[in-house]
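Asks: Okay, structure incoming, though there's no sequence with it:
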């Protein structure tokens, strides 16, 4: 007697039946062992859960780092304003100017020192004297300076407001001030006329062409700076009191 069983079924799902008797009786029973096939879906599910946890953890770390580095330092009182240029620390400017060792100018507003910033940029670092105004007021005026743009105004690179210190950082002008070159033979009449016209254009921009006037209040040869081609830049502007067009008392002028 032969019992036909498919080979695939026997090999994949069943173990050989032990103690099988060939005695055909009316009742037949035997214990068959079960085998279970491992589902492929479990591995995919585990991978998805692991990937979601890893992504969530990475995003959490990024958010924490962002909040840590952008949070306002407690007790510093710094105001976050859109100044348009960089905020330096006092230590950075002290190092750049080699402890304020090379003085290149002096005026009513403070003393100017030469400094070397990152990227070998040569800067004029002005230490404002008698800067007893509040930090909020100073930063408000700095914010206004950051929005100014004119070909006859000196380029402002940054500022410092740290404790009692108030400093401004400008682009260094190779030929210094007009006061230093006023009697130089290198300034012919054509260059002198260009300097006069450029100064007038820069002051007109500050005093007339803005929505809120920025009074210079300290126009003098020391504040007219000359670059390597003797092109002028008006300097030391914007740190005086700002006047709005709507509320000016002409008796003060």
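Replies: Structure received. Predicted model, so just to flag it, every value in this text is computed and none were measured.
Asks: quick one: the strands in the stretch 51-200 of the chain?
Replies: 86-87, 103-107, 110-117, 121-128, 156-162, 165-171 (DSSP state E, counting those that start in this stretch).
Asks: Need those in JSON lines (columns: distance to residue 201, mean neighbour count and mean pLDDT).
Replies: The C-beta positions use only the backbone N, C-alpha and C, and glycine is treated the same way. Output for those, formatted as JSON lines (distance: least, C-beta to C-beta, whole Å; neighbours: other C-beta atoms under 10 Å; pLDDT from 0 to 100):
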{"stretch": "strand 86-87", "distance to residue 201": "27", "mean neighbour count": "16", "mean pLDDT": "90"}
{"stretch": "strand 103-107", "distance to residue 201": "22", "mean neighbour count": "16", "mean pLDDT": "85"}
{"stretch": "strand 110-117", "distance to residue 201": "23", "mean neighbour count": "20", "mean pLDDT": "93"}
{"stretch": "strand 121-128", "distance to residue 201": "22", "mean neighbour count": "20", "mean pLDDT": "94"}
{"stretch": "strand 156-162", "distance to residue 201": "18", "mean neighbour count": "21", "mean pLDDT": "91"}
{"stretch": "strand 165-171", "distance to residue 201": "18", "mean neighbour count": "21", "mean pLDDT": "93"}
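Asks: Would you format the ones you listed as TSV with distance to residue 203 included?
Replies: As requested, the strands of the stretch 51-200 of the chain are exported to TSV (distance: least, C-beta to C-beta, whole Å):
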stretch	distance to residue 203
strand 86-87	27
strand 103-107	17
strand 110-117	20
strand 121-128	19
strand 156-162	17
strand 165-171	17
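Asks: how about the helices in the stretch 51-200 of the chain?
Replies: Taking DSSP state H, counting those that start in this stretch as the criterion, the stretch 51-200 of the chain contains helices spanning 90-96, 135-146, 178-181, 189-208.
Asks: Residue 122: which of those is closest?
Replies: Nearest to residue 122, of all those, is helix 90-96, at 9.9 Å by C-beta to C-beta.
Asks: In that closest one, which residues are buried?
Replies: Residues 90, 92, 93, 94, 96 are the ones in helix 90-96 that count as buried (16 or more other C-beta atoms under 10 Å).
Asks: picking that back up, put together a markdown table for the helices of the stretch 51-200 of the chain, with mean pLDDT and distance to residue 47 on each row.
Replies: Compiled in a markdown table, these are given as follows (pLDDT from 0 to 100; distance: least, C-beta to C-beta, whole Å):
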| stretch | mean pLDDT | distance to residue 47 |
| --- | --- | --- |
| helix 90-96 | 96 | 49 |
| helix 135-146 | 80 | 51 |
| helix 178-181 | 93 | 73 |
| helix 189-208 | 95 | 63 |
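Asks: a markdown table for those, including distance to residue 216?
Replies: Putting the helices of the stretch 51-200 of the chain into a markdown table (distance: least, C-beta to C-beta, whole Å) gives the following:
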| stretch | distance to residue 216 |
| --- | --- |
| helix 90-96 | 24 |
| helix 135-146 | 12 |
| helix 178-181 | 14 |
| helix 189-208 | 6 |
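Asks: Pick the one among the buried residues of helix 90-96 closest to residue 44.
Replies: Once C-beta to C-beta is applied, the member of the buried residues of helix 90-96 that ends up nearest residue 44 is residue 92, at 53.6 Å.
Asks: got a list of what the closest one touches?
Replies: Neighbouring residues of residue 92 by C-beta atoms under 8 Å, 6 or more residues apart in numbering: residue 160.
Asks: quick one, which of the helices of the stretch 51-200 of the chain is nearest to residue 127?
Replies: helix 90-96 (8.6 Å).
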